[in-house]
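**Student:** 3D model of this:
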Amino acid sequence: MNYSRLIIGSVFLIAGTLLFGFVHVAVANMFTHTRGPIDMPEQFNNFLDVLRLKTPYIISIIFMCIGLILLITTLIQSHFRKE
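**Tutor:** Okay, the predicted model is just below:
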């Protein structure tokens with residue numbers, strides 16, 4: 001098993017998940033200061049724009065995808081090498 005790819009994939013997955021969570025906490029904090037009717041998808045995008053969090057949001061999704069791809073390919077390769 002290629003442990004370096006496994007560790008790198010885990011780091012990417014954890015970093016992406018933490019960044020994703022922090023972005024959602026910041027947006028949720030902003031939701032508490034709003035008044036009136038809330039249209040969730042539109043307001044979420046507006047708050048991402050206002051807080052300038054669109055780039056970290058997209059980067060977090062990319063990090064999670066890279067981490068999952070690295071983990072899955074490493075585990076599949078190790079599975080087929082044993083047989």
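**Student:** what's the pLDDT at Ser78?
**Tutor:** Turning to Ser78, the model gives it a pLDDT of 87.
**Student:** ignore what I typed, I meant Lys82.
**Tutor:** For Lys82, the predicted pLDDT is 67.
**Student:** same deal with Leu71?
**Tutor:** pLDDT, read off for Leu71, is 94.
**Student:** identify the residues contacting it.
**Tutor:** 6, 9-10, 13 (CB atoms under 8 Å, 6 or more residues apart in numbering). From N, CA and C alone the C-beta is placed, and that goes for glycine too.
**Student:** swap in 6 Å and give it another go.
**Tutor:** Gly9 (CB atoms under 6 Å, 6 or more residues apart in numbering).
**Student:** so which strand or helix has it?
**Tutor:** Per DSSP states H and E: Leu71 is located in helix 54-82.
**Student:** residues touching the helix or strand of the chain with the lowest mean pLDDT, excluding its own?
**Tutor:** The weakest-scoring helix or strand in the chain, judged by mean pLDDT, DSSP states H and E, is helix 40-50 (a mean of 85). Here helix 40-50 makes contact (CB under 6 Å, 6+ apart) with 27, 30, 54.
**Student:** now those: which count as buried?
**Tutor:** Using 16 or more other CB atoms under 10 Å as the burial test, the contacts of helix 40-50 include 27, 30 as buried.
**Student:** now the contacts of helix 40-50 in CSV, with distance to Arg81?
**Tutor:** Output for the contacts of helix 40-50, formatted as CSV (distance: CB to CB, whole Å):
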residue, distance to Arg81
Val27, 43
Met30, 49
Lys54, 41
